[in-house]
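Visitor: here is a sequence with its predicted model. Questions after.
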Amino acid sequence: MKAYPRILKYSLPYTGQMLLSVGCHLLYAFFSLFTFGLIVPFASILFGLTEAVTVRPELHLSADSLMDMLSYGITWLQQHYSLGIAILFVSLVFLTCALLSNFFRFMGLYFLNPVSLNATRDLRNELYNKLLTLPLSFYTTHRTGDLITRLNADMQEVNNAIKNSLLVFSREPFQIIVFFVALLMISPMLTLVSCIAFPLTAMLTAKISESVRRNSKKGQEQLSLINATYEEGISGLRVIRGYGATGFFIRRFHQMGLQFNRITNKVLLRIELSGILSEIISIASLCIVIFTGGYLLLRGSGHLTPNTLILFVILFAKLIAPVQTLIKNINYIEKFMVSVRRIFEVIDSEEVIVEKPDALPLKDFCHEIECRDITFGYEAGNRVLEHFSMTLTKGKVIAVVGASGSGKTTITNLLLRFYDVQEGTVLIDGHDIRDYVISDVRGLMGLVSQEVVLFHDTVYNNLCFGREFTLEQVREAARMANADEFVQALPQGYDTVIGDRGMTLSGGQRQRLSIARALLRDPQILLLDEATASLDSQSEHLVQQALDRMLAGRTALIIAHRLSTVQKADEIIVLDKGRIAERGTHSELYAREGLYHHWVKLQEMS
């Protein structure tokens, strides 16, 4: 589907407001025409340019008839009252029409603005929903700064695109049509002469629009790069300062800003150029109209009078502004449509992890999880796991150990269905994991990983994580996670805001909050992915105590490379380059003096 009609479909739920806006803009065009149409007969009679109309004319649909009717009304006032009363009356009518014209213009925008804002909100919600449901593989190929640009800057451009599109279809066209019909009624020949400019204007507009579209795409890509650099600069501030690279990043950021300004300046200049050229062409047409009309008057053409020529020139001059605005809006829309296409690129991204229409609900874990001969790779031809098999029985604890890059974390990704296996099957209670509702599968599991994700919010809200819990329930979970004591010591206790990513806390404190959050959910299956990997000895001891309490009577999969944390597991699986090298209990594996025994000795020495 083309992007332009597709984006306009988001405004369809607000058709009622659009129709009200269209009606107001139509009235705005009518009263604008009437306001300027009143000037000619009044000035002609006032200054004696034409004879006063004393006999009431017959009213029919023509410019001369309408002019005669207005002239008759002004003459009647002048004869029955006075010239001053006539001037006052015409002035009041002129003022009333001007007020009504601008009132309906305001009301047109009053009804139109909510349409563009609500349509943009709906699209923003759809984009955000999509970002939260796309597979993790999507984020390996897209920079965070680029996605933030699409949510913010591109979305603002979308709002402008919808608003300008609706204006293009509702306000300026009605003005142009109303004034054009009036010009046809006055003089078809002069109207035909005035139309000479339109083909030339259309050609120039098409040429400039192509340049606007091309440079706008470059500009938005450059803005994405700026935002990505901005985000990386903040998140990597400690490293940047530690390596003394502040000057390098500042210079690079400034250079990006200059490049963005150059591109944006090109776009804006071309849009302004389109308006200037259209105005020049329109004024040239106006000169041709004046010359042609004067020539016809001098030749004594019967259908054209000085009054009608003056009115034609006034209305044609008034027509130039909406034509110019229409052309500029068309070029602005070309600029905005670049952002629209960038947003639809994300919305149309393929959802690799797809839920079946008839997916089975899964509320309880009854027997076992089985990984049956599974093979998986993040990239084609690069296998991370090969022929891996494992059975995690309810109430048991299995540990998977191995060197970095051996495929340990991949197992948790597959169990949570962040990815689907390429060969083999993952079964939960005998059913393929792909047969279940995805949210139900993930609802059974609680993940505690090495990378703790905390938000710029209070401790209480970070632990509740969108669910409703009492303070006592939260404190109980924190006590089990060895976190209650240090939380109580914070300035506002559980109401303390812990900063972006919880940076006001130590690594061990953040990890204990992560465990408390998992405990609050009371998951049936625990996935512990390197939960103590980056902690010092004291923090590891406190976290390990919390994990031991957490594991009591639960089904759990522990991913670790610190072997001291897995000795109590019912089974230990040793991975080496994606394949199972050994499996058994701690004592069995240690007695074999194989790879596991070797790692234990190395860690004891260190």
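Guide: Noted; the coordinates are in hand.

Visitor: Arg562 contacts Gln603, correct?
Guide: Yes - counting by Cβ atoms under 8 Å, Arg562 sits close enough to Gln603 to count as a contact (7.1 Å). Heads up, the C-betas are built off the backbone N, CA and C, glycines and all.

Visitor: neighbour count: the two, which is higher?
Guide: Neighbours of Arg562 and Gln603, each counted by other Cβ atoms under 10 Å, are more numerous for Arg562; the result is 16 against 12.

Visitor: quick one, helices of the stretch 101-250 of the chain?
Guide: Remark: helices assigned in the stretch 101-250 of the chain by DSSP state H, counting those that start in this stretch are 136-139, 144-151, 153-170, 172-186, 188-194, 197-235, 237-242, 246-298.

Visitor: mind listing what the residue nearest to the spatial centre of the chain touches?
Guide: The centre of the chain sits closest to Leu151, judged by Cα atoms, centre = their mean, with a distance of 3.4 Å. Residues counted as contacts of Leu151 (Cβ atoms under 8 Å, 6 or more residues apart in numbering) are Arg124, Leu127, Tyr128, Leu131.

Visitor: of those residues, which is the most crowded?
Guide: For those, neighbours were counted by other Cβ under 10 Å; the highest total belongs to Leu127, with 20 neighbours.

Visitor: for it, give me its contacts.
Guide: Contacts of Leu127 were listed using Cβ under 8 Å, 6+ apart, and they are Arg150, Leu151, Met155, Ile343, Val346, Ile347.

Visitor: can we see that at 6 Å?
Guide: Applying Cβ atoms under 6 Å, 6 or more residues apart in numbering to Leu127 gives the contacts Ile343.

Visitor: and the gap between it and Arg150?
Guide: Relative to Arg150, Leu127 is positioned 7 Å away (Cβ to Cβ, to the nearest Å).

Visitor: overlap in contacts, the two.
Guide: Common contacts of Leu127 and Arg150 (Cβ under 6 Å, 6+ apart): Ile343.

Visitor: still on that earlier bit, can you list the contacts of Leu151 in JSON lines and add distance to Asn102 and pLDDT?
Guide: Listed next are the contacts of Leu151 as JSON lines, based on distance: Cβ to Cβ, whole Å; pLDDT from 0 to 100:
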{"residue": "Arg124", "distance to Asn102": "32", "pLDDT": "88"}
{"residue": "Leu127", "distance to Asn102": "37", "pLDDT": "88"}
{"residue": "Tyr128", "distance to Asn102": "39", "pLDDT": "88"}
{"residue": "Leu131", "distance to Asn102": "43", "pLDDT": "84"}
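
Visitor: which of these lies closest to Leu183?
Guide: Relative to Leu183, the closest of these is Arg124; by Cβ to Cβ it sits at 43.1 Å.

Visitor: give me the number of residues near the closest residue to the closest one other than its chain neighbours?
Guide: Beyond its immediate neighbours in the sequence, the residue positioned closest to Arg124 (Cβ to Cβ, 6 or more residues apart in numbering) is Met155, lying 5.3 Å away. By the other Cβ under 10 Å criterion, the neighbourhood of Met155 contains 20 residues.

Visitor: repeat that for Ile186.
Guide: In terms of burial, Ile186 registers 26 neighbours under the definition other Cβ under 10 Å.

Visitor: repeat for the one 3 residues further on
Guide: Look at Met189: counted by other Cβ under 10 Å, it has 13 neighbours.

Visitor: with Ala478 instead?
Guide: When neighbours are defined as other Cβ under 10 Å, Ala478 has 27 of them.

Visitor: that one sits in which helix or strand?
Guide: Under the criterion of DSSP states H and E, Ala478 resides in helix 471-480.

Visitor: quick one: list the elements packing against that helix.
Guide: Packed against helix 471-480, as judged by 3 or more Cβ pairs under 6 Å, 6 or more residues apart in numbering; DSSP states H and E, are the following elements: helix 484-488, helix 507-521.

Visitor: so, low pLDDT: which residues of the stretch 201-350 of the chain?
Guide: Along the stretch 201-350 of the chain, the model assigns pLDDT under 70 to residues 300-303.

Visitor: ignore what I typed, I meant the stretch 351-500 of the chain.
Guide: Segments of the stretch 351-500 of the chain classed as low confidence (criterion: pLDDT under 70) are not present in this model.

Visitor: now with 90, please.
Guide: For the stretch 351-500 of the chain, residues meeting the criterion pLDDT under 90 lie at 351-367, 376-388, 390, 394-423, 429-431, 433, 437-500.

Visitor: which parts of it are helices?
Guide: Taking DSSP H, counting those that start in this stretch, the helices of the stretch 351-500 of the chain run over residues 408-415, 438-443, 459-464, 471-480, 484-488.

Visitor: now Met480. Nearest residue, chain neighbours left out?
Guide: Residue nearest to Met480 in three dimensions, not counting chain neighbours: Arg549, with 5.1 Å by Cβ to Cβ, 6+ apart.

Visitor: now for the helices of the stretch 101-250 of the chain, which one comes closest to Ile333?
Guide: Set against Ile333 and scored by Cβ to Cβ, these come closest in helix 153-170, at 5.3 Å.

Visitor: what does that closest one rub up against?
Guide: The contact list for helix 153-170 (Cβ under 6 Å, 6+ apart) reads 21-22, 25, 112, 116, 119-120, 124, 223, 329, 332-333, 336, 339-340, 342-343.

Visitor: tell me what angle it forms with helix 144-151.
Guide: Here helix 153-170 runs at an angle of 20 degrees relative to helix 144-151 (axes from the mean of the first three to the mean of the last three Cα atoms, to 10 degrees).

Visitor: touching the helix holding Ala478 from outside, list them.
Guide: The contact list for helix 471-480, computed with Cβ under 6 Å, 6+ apart, reads Tyr460, Leu463, Asp484, Val487, Ala516, Leu519, Leu520, Arg549.

Visitor: these two touch, right, Arg341 and Tyr4?
Guide: No - contact criterion Cβ atoms under 6 Å: Arg341 and Tyr4 do not qualify, at 9.6 Å.

Visitor: the more surrounded of the two?
Guide: More crowded of Arg341 and Tyr4, by other Cβ under 10 Å: Arg341, with 18 against 14.

Visitor: so what's the nearest residue to the more buried one once chain neighbours are set aside up against?
Guide: Counting by Cβ to Cβ, 6+ apart, Ala3 is the residue found nearest to Arg341 once chain neighbours are left out, at 5.0 Å. The neighbours of Ala3, taking Cβ under 6 Å, 6+ apart as the test, are Met337, Val340, Arg341, Phe344.

Visitor: same question for Ala317.
Guide: Ala317 is in contact with no residue at all, counting by Cβ under 6 Å, 6+ apart.

Visitor: can you tell me how far the closest residue to Ser101 other than its chain neighbours sits from Leu112?
Guide: Using Cβ to Cβ, 6+ apart and skipping the chain neighbours, the partner closest in space to Ser101 is Phe31 (3.8 Å). Counting by Cβ to Cβ, the gap between Phe31 and Leu112 amounts to 18 Å.

Visitor: between these two, who's got more neighbours?
Guide: When neighbours are counted by other Cβ under 10 Å, Phe31 and Leu112 differ, and Leu112 comes out ahead with 25 against 20.

Visitor: which helix or which strand is home to the residue nearest to that one when sequence neighbours are not counted?
Guide: Using Cβ to Cβ, 6+ apart and skipping the chain neighbours, the partner closest in space to Leu112 is Ser21 (4.2 Å). For Ser21, the enclosing helix or strand under DSSP H and E is helix 15-37.
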